[in-house]
Every structure is written in C-alpha cells, then in structure tokens.
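**Student:** Test case, fold it:
(chains A, B and C)
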Amino acid sequence: MKDTDNFFDKVYEIARLIPFGRVTSYGAIASYLGAAKSARMVGWAMNNSHHQPTSVPAHRVVNRKGLLTGKHHFEGTNLMQQLLESEGIVVVENQIQDFERVFWNPIE
DNA sequence: GTCGTGACCATCC
DNA sequence: AGGATGGCCACGA
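**Tutor:** Sure, this is the predicted structure:
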C-alpha cells in the first residue's frame, strides 16, 4: 500500500462521486486531498485514469475557469463537450457556461 | 538514478 | 492589471 496510491485513488473516487450534471475542478479535488498546489497531479491521475480498471468520468473534471482543458485528451474532439451537454451542462468553445452553478464541491 | 514533462493553480514582480 | 515563474508530486525514457 503506497501513499501515492491513496492520492490517485482519492482522485478517481471523487471523480466517480461527481453527481449527474455537475462538474468539479482540479484545484478543488487537490484542495480536498490537502494538496491544493498539486492540482497537476490530479491531471496526471486523469491521464492515468485510462490505466485504471474503472471508467473515470474525467469529462466532469475541468480547470478552475471551467475550461475543458483536457478535451483534447479524449477520443474525438468534442466528445467531452457532448458528454457534458448530455448532462445538461452548457459548454461553448470548450468553456462551461454557468460554471459556478454546475460546480460541485468535493468537500461537500 | 537523473532529467523532463504533465488535463494546474497561486504568487511574485 | 498583466505576464512570468515557481511549486507540487508522480511517471516515462
């Protein structure tokens, strides 16, 4: 049992806990983990999410500005955006509208 | 074992 | 107010 696994595992766990029609930010997750400055690691975790046995809704995780930074990492180009729109989230130009409204705080 | 990079955020100048 | 850099930790070669 490595400590690092806890960090990654926590990220995956939170990502799966994101309710329908809600999104969260890397910083929020990192902050919840007690590593607000390690938001990059959250992104790395998402990158490795493909390595995980479980599917992680990384499309529900965006940056602080509500920008779909990692949409380029998804299969297509607008797959991430379509998934979000499919959940009722409005996304324009890779940017989530009413981000504060759909923002979900992991601490809650 | 070392260097570089990575889906970011915050702070400094 | 805006741009640039650091920091954080882990993984890949």
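
**Student:** When you work out contacts or count neighbours from here on, use the C-alpha atoms and nothing else.
**Tutor:** Fine.

**Student:** packing partners for the longest helix anywhere in chain A?
**Tutor:** Looking across chain A with DSSP state H, the single longest helix is helix A:3-17. Judged by 3 or more CA pairs under 8 Å, 6 or more residues apart in numbering; DSSP states H and E, helix A:3-17 is in contact with helix A:26-33, helix A:39-49.

**Student:** ranking the ones you listed by burial, who's on top?
**Tutor:** Neighbour counts (mean count of other CA atoms under 10 Å) averaged over each of the helices and strands packed on helix A:3-17 peak at helix A:26-33, with a mean of 21.

**Student:** re earlier: tell me if the longest helix of chain A is near DNA strand B.
**Tutor:** No - Helix A:3-17 is not in contact with DNA strand B by CA under 7 Å from any atom of the strand; minimum separation 10.3 Å.

**Student:** Give me the mean pLDDT for that helix.
**Tutor:** Mean pLDDT, helix A:3-17: 82.

**Student:** Equivalent analysis for stretch A:75-84, please.
**Tutor:** 89.

**Student:** cool, and stretch A:96-104?
**Tutor:** So the average pLDDT for stretch A:96-104 ends up being 93.

**Student:** Just the buried positions in that stretch, please.
**Tutor:** Using 16 or more other CA atoms under 10 Å as the burial criterion, the residues of stretch A:96-104 that qualify are A:Ile96, A:Gln97, A:Phe99, A:Val102, A:Phe103, A:Trp104.

**Student:** which non-adjacent residue is nearest the residue nearest the centre of chain A?
**Tutor:** Closest residue to the average C-alpha location of chain A: A:Val61 at 1.7 Å, with CA atoms, centre = their mean. Closest residue to A:Val61 apart from its sequence neighbours, by CA to CA, 6 or more residues apart in numbering: A:Thr24 at 5.1 Å.
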